[in-house]
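*Asks:* I'll drop the sequence and a predicted model, then ask my questions.
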Amino acid sequence: MNVGSYKGMIHEMKEMVVAGLGQYAHGNQPIQHMIYLYNYVRQPWKAQYHVRNVMAKVYSAGPNGYPGDEDQGQTSSWYVLSALGLYSVCPVPTST
(Lines give C-alpha, C1' and ligand atoms only; values in the text may rest on other atoms or scores of the structure.)
Protein backbone atom coordinates (compact mmCIF):
# COMPACT_ATOMS: atom_id res chain seq x y z
CA MET A 1 0.00 0.00 0.00
CA ASN A 2 1.46 3.35 -1.04
CA VAL A 3 0.40 5.84 1.66
CA GLY A 4 1.95 8.81 -0.11
CA SER A 5 2.02 12.05 1.86
CA TYR A 6 -0.28 10.67 4.59
CA LYS A 7 2.72 8.99 6.31
CA GLY A 8 0.42 6.14 7.38
CA MET A 9 -2.75 4.32 6.43
CA ILE A 10 -6.00 6.27 6.76
CA HIS A 11 -9.41 4.62 7.14
CA GLU A 12 -10.21 4.62 3.41
CA MET A 13 -6.97 2.73 2.75
CA LYS A 14 -7.70 0.18 5.46
CA GLU A 15 -11.19 -0.42 4.06
CA MET A 16 -9.81 -1.19 0.61
CA VAL A 17 -7.11 -3.50 1.97
CA VAL A 18 -9.79 -5.46 3.82
CA ALA A 19 -11.94 -5.53 0.65
CA GLY A 20 -8.97 -6.74 -1.41
CA LEU A 21 -9.16 -3.89 -3.94
CA GLY A 22 -5.51 -2.84 -3.76
CA GLN A 23 -4.82 0.78 -4.68
CA TYR A 24 -8.42 1.40 -5.83
CA ALA A 25 -9.80 3.36 -2.86
CA HIS A 26 -13.52 3.37 -3.59
CA GLY A 27 -14.25 5.19 -0.32
CA ASN A 28 -12.42 8.21 -1.74
CA GLN A 29 -15.01 9.77 -4.06
CA PRO A 30 -12.70 11.34 -6.69
CA ILE A 31 -11.67 7.88 -7.90
CA GLN A 32 -15.13 6.37 -8.25
CA HIS A 33 -15.38 7.12 -11.98
CA MET A 34 -12.13 5.33 -12.83
CA ILE A 35 -13.71 1.91 -13.38
CA TYR A 36 -15.98 3.39 -16.04
CA LEU A 37 -13.04 4.62 -18.11
CA TYR A 38 -12.76 1.06 -19.48
CA ASN A 39 -15.84 1.94 -21.55
CA TYR A 40 -13.87 4.71 -23.26
CA VAL A 41 -11.14 2.32 -24.37
CA ARG A 42 -13.73 -0.12 -25.75
CA GLN A 43 -13.39 -2.70 -22.97
CA PRO A 44 -16.78 -2.50 -21.23
CA TRP A 45 -16.55 -6.07 -19.91
CA LYS A 46 -13.73 -4.91 -17.63
CA ALA A 47 -15.87 -2.07 -16.30
CA GLN A 48 -18.75 -4.47 -15.71
CA TYR A 49 -16.50 -6.93 -13.87
CA HIS A 50 -14.96 -4.31 -11.59
CA VAL A 51 -18.27 -2.56 -10.86
CA ARG A 52 -19.82 -5.84 -9.77
CA ASN A 53 -16.73 -6.69 -7.75
CA VAL A 54 -16.84 -3.37 -5.85
CA MET A 55 -20.57 -3.66 -5.27
CA ALA A 56 -20.18 -7.18 -3.86
CA LYS A 57 -17.10 -6.53 -1.72
CA VAL A 58 -17.72 -3.03 -0.39
CA TYR A 59 -21.48 -2.57 -0.01
CA SER A 60 -23.87 -4.62 2.11
CA ALA A 61 -27.03 -4.23 4.17
CA GLY A 62 -25.10 -4.53 7.45
CA PRO A 63 -23.79 -1.81 9.73
CA ASN A 64 -20.38 -1.81 7.99
CA GLY A 65 -21.78 -2.02 4.49
CA TYR A 66 -20.95 1.47 3.36
CA PRO A 67 -17.45 2.53 2.27
CA GLY A 68 -15.54 5.67 3.25
CA ASP A 69 -17.17 9.02 3.79
CA GLU A 70 -20.41 10.19 2.22
CA ASP A 71 -19.81 13.52 0.50
CA GLN A 72 -23.16 14.97 -0.57
CA GLY A 73 -24.53 11.67 -1.84
CA GLN A 74 -21.67 10.67 -4.15
CA THR A 75 -21.11 7.20 -2.69
CA SER A 76 -24.84 6.45 -2.53
CA SER A 77 -25.42 7.69 -6.06
CA TRP A 78 -22.48 5.61 -7.36
CA TYR A 79 -24.14 2.48 -6.01
CA VAL A 80 -27.64 3.32 -7.24
CA LEU A 81 -26.49 4.35 -10.73
CA SER A 82 -24.14 1.38 -11.00
CA ALA A 83 -26.92 -1.00 -9.95
CA LEU A 84 -29.01 0.48 -12.75
CA GLY A 85 -26.15 0.07 -15.23
CA LEU A 86 -25.62 3.82 -15.62
CA TYR A 87 -22.88 6.22 -14.65
CA SER A 88 -22.20 9.77 -15.78
CA VAL A 89 -18.42 10.11 -15.98
CA CYS A 90 -18.76 13.79 -16.87
CA PRO A 91 -22.08 15.12 -15.55
CA VAL A 92 -21.47 18.64 -16.90
CA PRO A 93 -22.03 19.38 -20.59
CA THR A 94 -18.95 20.72 -22.30
CA SER A 95 -18.76 23.09 -25.21
CA THR A 96 -15.98 23.55 -27.71
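*Replies:* Okay, I see it.
*Asks:* Low-confidence stretches in the chain?
*Replies:* Within the chain, the stretches falling below the threshold (pLDDT under 70) are 1, 68-69, 71, 91-96.
*Asks:* which residues of it fall in helices?
*Replies:* Using DSSP state H, the helices of the chain run over 11-19, 44-58, 74-84.
*Asks:* Nearest to Ser5 among those helices would be which one?
*Replies:* helix 11-19 (12.6 Å; C-beta to C-beta). Glycine gets a C-beta too; all of them are placed from N, C-alpha and C.
*Asks:* So which elements touch that closest one?
*Replies:* helix 44-58 (3 or more C-beta pairs under 8 Å, 6 or more residues apart in numbering; DSSP states H and E).
*Asks:* Going by neighbour count, list what's buried in the helix it packs on.
*Replies:* 47, 50-51, 54, 58 (16 or more other C-beta atoms under 10 Å).
*Asks:* quick check, nearest of the residues you listed to Glu12?
*Replies:* For the buried residues of helix 44-58, the nearest to Glu12 is Val58 (11.0 Å; C-beta to C-beta).
*Asks:* That closest one and Ala25 touch, don't they?
*Replies:* No: using C-beta atoms under 8 Å, Val58 is not in contact with Ala25, being 10.5 Å away.
*Asks:* what is in contact with those two at once?
*Replies:* Common contact partners of Val58 and Ala25 (C-beta atoms under 8 Å, 6 or more residues apart in numbering): Glu15.
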